[in-house]
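J.: my questions are about this predicted structure, shown below with the sequence.
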Amino acid sequence: MENSILGLHHITAIANNARRNYEFYSKVMGLRLVKKTVNFDDPGTYHFYFGDETGSPGTILTFFPWEGIGAGYNGTGMITGIGYSVPEGSLDFWVNRFSNFNIKQDAVVEVFGEQHLPFQDPDGLKINLVVPAKPDLRTPWQTEEVTGAVATRGFHHITLLLKNATPTASVLTDIFGYKLLKQEGNRYRFITDTVENASIVDIVEAPNVEAGRSAAGTNHHVAFRVKNEEVLMQFREKVIARGLNITPKIDRDYFFSLYFREPGGVLFELATDNPGFTKDEPASELGSALKLPKQYEASRKEIEAHLPALS
Ligand code: ZN
């Protein structure tokens, strides 16, 4: 187990307006902003991390809010869906809440025998709240309005939309250790048994759907979780042995990463548990201050003056 992929680590998506994105995820969804930093490749842009109390792997949704980027749209070669698990009996609460905040939502549907409430964030990012057949026992972050009885527990699944399922499926099974669990129409569900939650990847095969456009309201990449840097580098060798290009190890301050584009076109990342989000601020203060990587600390004043206000 130690040397395996441990399900999902984080998902990164693109937003337009920073303040609107921050308000939606921290207030409407009731997630904790566990880190407020900048895009390491573009320090004029925020990088927000939303998750549970400490930003546990498998709960972290991150955003680059690029003001004025325009709307993207989903297509093949992309992550087109995110599923969060919620407790049984909580969907009525969410339907009412989304309705009160004028959030676009659709009727509850059943997928693989589980109830899904589909909705879109203010940029059009597609998310489902899922009541899993087996209750998700992770401890949620709670707010006054989104209590533990209804709060999201972390990721349930992601969905990849692909022209051809086979090459990507073989990365999941041969390299990452996932197994095909079941199929419903053109949706194939893969799962890893190394973790209890955030363990599912769905592939929807759609040979006639064109590529999408990556901009606001779409996902940028998905990161799979490994225990530490040693395992990370073992996976680097496995990906290279498969004939795929992969980056060197990159220090993302809160985890170490590798990136590669899987054969279906989706950007995959591998990310470590260490060192985690309490590296530069205590758990009780996560997300409260703007944190900069050391190469930008000298320019803090200019960067702060340039970033949009959040309240
Ligand atoms: Zn990432």
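T.: Structure received. Residues are numbered from 1 along each chain as shown.

J.: and the closest residue in space to Arg19 that isn't next to it in sequence, how far from Asn228?
T.: Leaving aside its sequence neighbours, Arg19 sits nearest to Leu310 (CB to CB, 6 or more residues apart in numbering; 5.3 Å). (Glycine included, C-beta is placed from N, CA and C.) Between Leu310 and Asn228 the computed distance is 34 Å (CB to CB, to the nearest Å).

J.: so those two - more neighbours on which side?
T.: Using other CB atoms under 10 Å, the more surrounded residue of Leu310 and Asn228 is Leu310, with 17 against 13.

J.: next, the more buried one: phi, psi?
T.: Torsion angles at Leu310 (phi, psi; degrees, to the nearest 10) stand at phi -100, psi -10.

J.: all helices of the stretch 201-311 of the chain, in order?
T.: 229-241, 300-306 (DSSP state H, counting those that start in this stretch).

J.: need the contact list for Thr192.
T.: For Thr192, the contacting residues are 4-7, 176-179, 199, by CB atoms under 8 Å, 6 or more residues apart in numbering.

J.: please repeat the previous calculation with a cut-off of 6 Å.
T.: Residues in contact with Thr192 (CB atoms under 6 Å, 6 or more residues apart in numbering) are 7, 177-178, 199.

J.: are any of those residues buried, and which?
T.: Among these, those buried by neighbour count (16 or more other CB atoms under 10 Å) are 7, 178, 199.

J.: from the residues you listed, which land in strands?
T.: Among the buried ones among the contacts of Thr192, no residue falls in strands (DSSP state E).

J.: between those residues, which is nearest the ion?
T.: Gly7 (14.8 Å; CB to the ion).

J.: my read: that closest one touches Val195, true?
T.: Yes - look at Gly7 against Val195 with CB atoms under 6 Å: they come within range, at 4.2 Å.

J.: OK, contacts around Gln115?
T.: Gln115 neighbours (CB under 6 Å, 6+ apart): 108, 131.

J.: which element, helix or strand, includes it?
T.: Applying DSSP states H and E as the criterion places Gln115 in strand 114-120.

J.: sec struct for the closest residue to Thr152 other than its chain neighbours, please.
T.: In this structure, Thr152 finds its nearest non-sequential neighbour in Tyr84, 4.2 Å apart by CB to CB, 6+ apart. Three-state call for Tyr84 (DSSP: H, G, I helix; E, B strand; the rest coil): strand.

J.: re the thing from before, now the element after the strand holding Gln115, going C-ward?
T.: In N-to-C order, the element after strand 114-120 by DSSP H and E is strand 126-131.

J.: which helices and strands does that next one pack with?
T.: Strand 126-131 sits against strand 78-85, strand 114-120, with contacts defined as 3 or more CB pairs under 6 Å, 6 or more residues apart in numbering; DSSP states H and E.

J.: dump those into JSON lines; add mean pLDDT as well.
T.: Formatted as JSON lines, the helices and strands packed on strand 126-131 follow (pLDDT from 0 to 100):
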{"stretch": "strand 78-85", "mean pLDDT": "98"}
{"stretch": "strand 114-120", "mean pLDDT": "98"}
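
J.: the ion is nearest to which of the ones you listed?
T.: Comparing the helices and strands packed on strand 126-131 by their distance to the ion (CB to the ion), the top pick is strand 78-85, with 11.7 Å.

J.: give the partner strands of the closest one in its sheet and their orientations.
T.: If you go by DSSP bridges, strand 78-85 pairs up with strand 126-131 (parallel), strand 154-162 (antiparallel).

J.: up against the ion, what does this protein have?
T.: Proximity of the chain to the ion is confined to 12, 223, 269 under the rule CB under 5 Å from the ion.

J.: looking at the residues you listed, which is nearest Ile246?
T.: Distance to Ile246 across these (CB to CB) is lowest for Glu269, with 10.1 Å.
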